[in-house]
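1. This is the structure alone, sequence omitted:
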């Protein structure tokens, strides 16, 4: 019985201690996450340009696209899990969508790292998505 009561008290203390943590995502936090997406898109566009110009090895392009994709996926997960209110919530949802699109474009490079045509396509998409990320972060 005493052990059970200790466990309940420990759980209650943990809940009370954690209740003040976190809170809604702040604009500066969202801006940093969007900045990470913008940076990944820019780096991916550069990689795609090298693929399109046949100036990189397929193994490097595939590995680098995978690594960038993991960064983007991680940001998307963080954004999705964060609570937000008002205009931050609207922009957060747009950022999650943007992350998915950036991830898809990086996936093109990862899937076909030796295709100049896929490199051109992914590169153009990543440039546009990077620009969109920059605009999304403005005013936060």
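-> Cool, the structure landed. Here the structure is a predicted model, which means the values were calculated and not measured.
2. Which is the succeeding secondary structure element to the lowest-mean-pLDDT helix or strand in the chain?
-> Between all helices and strands in the chain, the lowest mean by mean pLDDT, DSSP states H and E belongs to helix 2-19, at a mean of 42. Following helix 2-19 in sequence order, the next helix or strand is helix 27-52 (DSSP states H and E).
3. following that following helix, which helix or strand comes up?
-> Downstream of helix 27-52, the first helix or strand assigned by DSSP H and E is helix 58-81.
4. Tell me where this protein is predicted with low confidence.
-> By pLDDT under 70, the low-scoring segments of the chain are 1-22.
5. Show me which positions of stretch 55-68 end up buried.
-> Neighbour counts over stretch 55-68 (16 or more other CB atoms under 10 Å) mark 56, 61-62, 64-65, 68 as buried. The way it works is simple: take the backbone N, C-alpha and C, and place the C-beta from them, glycine included.
6. Touching that stretch from outside, list them.
-> For stretch 55-68, the surrounding residues in contact (CB atoms under 8 Å, 6 or more residues apart in numbering) are 40, 43-44, 47, 50-51, 106-107, 109-110, 113-114, 119.
7. tell me, how many neighbours does residue 113 end up with?
-> Residues contacting residue 113 under the criterion other CB atoms under 10 Å number 23.
8. Can you tell me the SS state at it?
-> Following DSSP: H, G, I helix; E, B strand; the rest coil, residue 113 is assigned to coil.
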